[in-house]
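Asker: need a structure here:
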Amino acid sequence: MEFLTQLWLPILLSAVLVFIASSIIHMATPWHKGDVRKMKNEDAVLDAIRSNGVQPGSYMFPCAESMSAMGTPEMQEKMKRGPVGYLTLLPGGGFNLGASLGTWFVYCLIVGALVAYAGWYSLGASNDYLHVFRITGTAALLGYSVGYFHESIWKGQAWGITGKFIIDGVVYALLTAGTFGWLWPERGILPIG
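Answerer: Predicted coordinates:
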């Protein structure tokens, strides 16, 4: 746990910088403006969901009851006829932006702590800025970008939208790497052992 006492400042500062950058990207630029669209006949669709008692959760449609049912002619016809997709329903009452922002900041702290851990135990006594930048940047990139690929691979999200989130993650990784490179402590011994 020595890495936490030695690297608490870059963990905290990188989380703050990523939080600010993401707020600017999402609220002050049009970068993600076209990521979601409004459905035609939205009211009718929402009324149908409500009247059928669909509860908050994640859904796939059409959805087979088992893998063997996926191959039945009936399921194949449903898939061919469409629509095919995924639906995530949140509880009613509106979107809680404060809770989401708080959770996002905690996530940024977790990524920062994992970056610190990976850097601390892989860099040894090195405190060369570019070496620290490269290792911590790679670890941060894993935390902020790579996970978005599955949205397009498995859920059909447009690759353009996924690409924008990956680029966001690259920005966050660069900020994190720069912070760790700048604030990396002087160490004369390897932390391992």
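Asker: quick one: what helix or strand has the nearest residue to His32 once chain neighbours are set aside in it?
Answerer: In this structure, His32 finds its nearest non-sequential neighbour in His26, 5.8 Å apart by Cβ to Cβ, 6 or more residues apart in numbering. Every residue, glycine included, has its C-beta placed from N, CA and C. Element membership for His26, per DSSP states H and E: helix 2-27.
Asker: quick one: average pLDDT of the helix or strand just after that helix?
Answerer: Of the helices and strands lying after helix 2-27 in sequence (DSSP H and E), the nearest is helix 42-51. Helix 42-51 shows a mean pLDDT of 94.
Asker: from the middle of its chain, how far away would stretch 48-59 be?
Answerer: 25 Å (Cα atoms, centre = their mean, to the nearest Å).
Asker: Tell me the span between the first and last residue of that stretch.
Answerer: With Cα to Cα, to the nearest Å applied, stretch 48-59 spans 15 Å between its terminal residues.
Asker: Which residue ranges make up the domains of the protein?
Answerer: Following automatic domain parsing, the chain resolves into domains at 2-31+95-183, 42-89.
Asker: a markdown table please, covering those and showing mean neighbour count.
Answerer: Formatted as a markdown table, the domains of the chain follow (neighbours: other Cβ atoms under 10 Å):
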| stretch | mean neighbour count |
| --- | --- |
| domain 2-31+95-183 | 17 |
| domain 42-89 | 11 |
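Asker: Do you have the strands of the chain handy? List them.
Answerer: 57-61, 85-89 (DSSP state E).
Asker: Okay, now the sheet partners of the first one, with direction.
Answerer: I take that to be strand 57-61. strand 85-89 (antiparallel) (DSSP bridges).
Asker: The residue lying farthest from the centre of the chain and Met60: what is the separation?
Answerer: Distance from the C-alpha centroid of the chain peaks at Pro73, with 37.0 Å (Cα atoms, centre = their mean). Remark: distance between Pro73 and Met60 (Cβ to Cβ, to the nearest Å) = 19 Å.
Asker: And for Pro91?
Answerer: Here the criterion is Cβ to Cβ. By it, Pro91 lies 20 Å from Met60.
Asker: do the same with Thr138
Answerer: Noted for Thr138: a distance of 34 Å to Met60, by Cβ to Cβ.
Asker: can you check Asn127 too?
Answerer: With Cβ to Cβ as the criterion, Asn127 and Met60 are 49 Å apart.
Asker: Now do the contacts for the residue farthest from the centre of the chain.
Answerer: Residues counted as contacts of Pro73 (Cβ atoms under 8 Å, 6 or more residues apart in numbering): none.
Asker: Same question for Val18.
Answerer: Val18 is in contact with Cys108, Val111, Tyr144, Tyr172, Leu175, Thr176, counting by Cβ under 8 Å, 6+ apart.
Asker: Provide a list of residues in contact with the last one.
Answerer: Neighbouring residues of Thr176 by Cβ under 8 Å, 6+ apart: Ser14, Leu17, Val18, Val111, Gly112, Val115, Thr136, Gly137, Ala140, Tyr144.
Asker: Not counting its neighbours along the chain, what's nearest it?
Answerer: Thr176 sits nearest to Ala140 (Cβ to Cβ, 6+ apart), 3.9 Å away.
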